[in-house]
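Undergrad: How does the following fold in three dimensions:
(6 chains)
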Number of protein chains: 4
Amino acid sequence: MGSPSTAARVSAPRRHRAVPAAATRFDRRLAEILTHATEVFRKKGYEGASMRDLSRASGMSLAGLYYYFESKERLLFLIQKHTFTTIVQRLKARLEGVSDPETQIRIFILNHLEYFLANPASMKVLSHEAEALKNGFASEVAAIKREYYRICVGLLDDLKRARGLQFSTRIAVLSLFGMMNWIYTWHNSRVDADAEQLAGEMSDIFLRGVMTGAKGRR
Amino acid sequence: MGSPSTAARVSAPRRHRAVPAAATRFDRRLAEILTHATEVFRKKGYEGASMRDLSRASGMSLAGLYYYFESKERLLFLIQKHTFTTIVQRLKARLEGVSDPETQIRIFILNHLEYFLANPASMKVLSHEAEALKNGFASEVAAIKREYYRICVGLLDDLKRARGLQFSTRIAVLSLFGMMNWIYTWHNSRVDADAEQLAGEMSDIFLRGVMTGAKGRR
Amino acid sequence: MGSPSTAARVSAPRRHRAVPAAATRFDRRLAEILTHATEVFRKKGYEGASMRDLSRASGMSLAGLYYYFESKERLLFLIQKHTFTTIVQRLKARLEGVSDPETQIRIFILNHLEYFLANPASMKVLSHEAEALKNGFASEVAAIKREYYRICVGLLDDLKRARGLQFSTRIAVLSLFGMMNWIYTWHNSRVDADAEQLAGEMSDIFLRGVMTGAKGRR
Amino acid sequence: MGSPSTAARVSAPRRHRAVPAAATRFDRRLAEILTHATEVFRKKGYEGASMRDLSRASGMSLAGLYYYFESKERLLFLIQKHTFTTIVQRLKARLEGVSDPETQIRIFILNHLEYFLANPASMKVLSHEAEALKNGFASEVAAIKREYYRICVGLLDDLKRARGLQFSTRIAVLSLFGMMNWIYTWHNSRVDADAEQLAGEMSDIFLRGVMTGAKGRR
DNA sequence: GATGAATGAGGTTTCATTCAT
DNA sequence: TATGAATGAAACCTCATTCAT
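TA: Okay, here's the model as predicted:
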């Protein structure tokens, strides 16, 4: 997962494939480029990064890049889609068989932060460049984002029902996303705790915040 | 506050000034431009916005803009510095005379969100373009940010001491900033609650989260 | 006529004009550029001419050109529209007060060839690049062309009626245009006759061809 | 005629050939490509058509095309040379045994228009892209064109001599070419007459024009 | 016989900025 | 105070073409 071969499968290359499951040379090369591009976008931002920057970073000629994707925008799209798809996939696998709402939410947070800290560049590009895509590209990523959001809303609504709590799910969920996604602005791997501990602390703050004394309120 | 005259004082214009405190025509004109520019940066991002966009939005010629500031980067700097300075100023005024840590934190959150929802464009530009400035500009804004951060850390440490709590102040503060600053990505004034209510709900989540069951832990 | 000032009036510059009849400095500069561009398009064709070629020919920087028109396509449009408009204008003036159909057709041909030989570059660009424009640009030029064509059809129908002739007006008119417009492929001012004589000979061929022995036919 | 085998003979392929008269697979494949390319050049113009367009149209890979001809320019050359050669060939065959100058000219016109309407794309590419070739390619096509032009001049001079007429042969011939070659700009097979009728009407206009009342003139 | 992969050069256009007025 | 005119640099992208396979 997160391996080049997966990235490749996500990338919808322009050629038909007799054996879609196999990672072709094209796929592997594309995945390499995506990795370099992600790092450049992280450092300079999508608008601030030039195709020349990407060319330099990936060691491929400017024109060569266009053999692998038809526009800078599609490149960002591929990165965002792959990142988001992977997170959602992993989440679903981890939630399978778990039924306690609180545990589920802790898994949600852990899954998010683990991926975040393991792929900080991808996650910054996903979080920070959310508005950079347009039209078809934008809507396709937005669809995944909505699914992810919906899952979280579902878990929180389960929790509310199970514990008889009352609070605004929308605000709670969006606050949680804020806590988690803001990490890209401050996390320093040499100073800050690892994903598990961070997830624990954020889960504590969030879950206690949401579960305490909210029974009769509102 | 937030008036043209304040903006002007922040802006360090190039002309000599007999009476620096008075809002000159220069100051007022600059403030207008800043307002338009903020809106353009919000919509298109700093890198994505061109000087031509700013010219169009402010109804002034491209060359005319340069009479008021010497570069696009300095323009962003003026916006960020003014915004941040104003928030900190207001916060200090509001905290004056308050001594209960919980109340102080609630004031901190309310102050932040009130300004946020009253000046959503400024706040998005402050949050989202935090890395766009370089060198001298960057460090001057970073200094204010650090002061603001320090204030929040102080309040939280007071709370911990007062209530005998134990948690990572750093993570708590940064989580709180995440909750608050992420708002620019989702707040919809036609759907979402006003600043006071929002501040209440976020304060509840955060404070309960931080104050509950954290006594003996860690 | 055909002077820079006329060209300017045709060019629909981007600014409002208090006194539309006056040729501003902008207009004059634009007209100069159009003249150079026409020559480059004649030599290399519209597709074959690069903006760099135009920059070189007009002695202005690449970026400077874009101050005067927003795209290469619009530049071609301005040339074609001005050329065609001028021809039609002159034709109308010359036809005024003339009522004999044969004389009118001779005037039509003379007008066309005089302009052609006086402005060979413009006319080649008009004739040869008829399909290069797209959408709005194309349709605006097509409208003038249709008017010009309609005038010629009208003259020929008058002739037919007056002399009791019978032939296909469409084919006659389009043959005439072919004779005249093909000139850009072969006319050599050092070898070939001047406009008046050329017009005389073409008029003879065409009119005799169309007026001879066609009474009872078809 | 006009068959792949002819195209092949015209094309001077790079391979050795045991039996040059036979249409090899190479020749047939090349002829197919030429057909597709002609259509693309007609639609987009020589400069406006990219090798990628040709690749798409012919269903062959970009690199594959280069097995059949070494450059885009040579491709245009092959098209033009084949087209022109074929026209001249056919003309010569048709003129054989005919001695009346008027009949000969009518045959010339019919031959031209028949080929024109049967191969509109080739003829547009021949007429419209006359200046696109350079150096050796250009001169080789120019040679055929000159021969074709000379034939027409010969026929007209015969007519003049036979009927004691006086007019400029050069202008007459070039007017005739104009009438005929301009067709590509307007002919619509759903509206306009077929080649025979069109040739008849153009021949009438031209021959009457040239043969009427020109005896004592000039 | 044909192609996937790659490239240097160059395409059109936009950028932030300047300067004489 | 403000702008029209202009520019060098650089943006994204496409071009015809090549070469190992």
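Undergrad: who in chain A is up against chain B?
TA: Counting by Cβ under 8 Å from any Cβ of the partner chain, the positions of chain A adjacent to chain B are A:45, A:47-48, A:128, A:130-132, A:167-168, A:170-172, A:174-175, A:177-183, A:185-186, A:192-193, A:198, A:201-202, A:204-210, A:212-214. Glycine gets a C-beta too; all of them are placed from N, C-alpha and C.
Undergrad: Of the residues you listed, which belong to strands?
TA: Taking DSSP state E, every one of the residues of chain A next to chain B sits outside strands.
Undergrad: In chain A, which residue is most central in space?
TA: Nearest to the geometric centre of chain A sits A:Phe84, at 4.0 Å (Cα atoms, centre = their mean).
Undergrad: Near the residue nearest to it when sequence neighbours are not counted, how many other residues are there?
TA: Counting by Cβ to Cβ, 6 or more residues apart in numbering or on different chains, A:Ile144 is the residue found nearest to A:Phe84 once chain neighbours are left out, at 4.5 Å. For A:Ile144, the tally of surrounding residues (other Cβ atoms under 10 Å in any protein chain shown) stands at 16.
Undergrad: any idea of the pLDDT on A:Ile144?
TA: Looking at A:Ile144, its pLDDT stands at 98.
Undergrad: near DNA strand E, which residues of chain A?
TA: Near DNA strand E, the residues belonging to chain A are A:15, A:24-26, A:29, A:60-64, A:66-68 when assessed by Cβ under 7 Å from any atom of the strand.
Undergrad: at 10 Å what do you get?
TA: A:13-16, A:24-30, A:32-33, A:47, A:51-52, A:55, A:58-68 (Cβ under 10 Å from any atom of the strand).
Undergrad: quick one: the helix or strand where A:Phe41 lies near chain D?
TA: Element membership of A:Phe41, judged by DSSP states H and E, is helix A:25-44. No: no part of helix A:25-44 sits close enough to chain D to count as contact by Cβ under 8 Å from any Cβ; the gap is at least 14.7 Å.
Undergrad: which secondary structure elements does the longest helix along chain A contact?
TA: For chain A, the helix reaching the highest residue count under DSSP state H is reported as helix A:135-163. Under the contact criterion of 3 or more Cβ pairs under 8 Å, 6 or more residues apart in numbering or on different chains; DSSP states H and E, helix A:135-163 touches helix A:72-95, helix A:101-118, helix A:169-181, helix A:195-211.
Undergrad: Any idea how many residues pack against A:Lys72?
TA: A:Lys72 is surrounded by 19 other residues when neighbours are defined as other Cβ under 10 Å.
Undergrad: lowest confidence element among the helices and strands of chain A?
TA: When each helix and strand of chain A is scored by mean pLDDT, DSSP states H and E, helix A:4-10 comes last, with a mean of 28.
Undergrad: so A:Val153 touches A:Val173, yeah?
TA: Yes: applying Cβ atoms under 8 Å, one finds A:Val153 in contact with A:Val173, separated by 5.5 Å.
Undergrad: neighbour-wise, which of the two wins?
TA: Residue environment comparison for A:Val153 versus A:Val173 gives the larger neighbour count to A:Val173, 21 against 15, counting by other Cβ under 10 Å.
Undergrad: Can you tell me how far that one is from chain D?
TA: Distance from A:Val173 to chain D, counting by Cβ to the nearest Cβ, to the nearest Å: 48 Å.
Undergrad: quick one: contacts for that residue?
TA: Taking Cβ atoms under 8 Å, 6 or more residues apart in numbering or on different chains as the criterion, A:Val173 is in contact with A:Tyr149, A:Cys152, A:Val153, A:Leu156.
Undergrad: before we move on, what about A:Thr212?
TA: Per Cβ under 8 Å, 6+ apart, neighbours of A:Thr212: B:Arg208, B:Gly209, B:Thr212.
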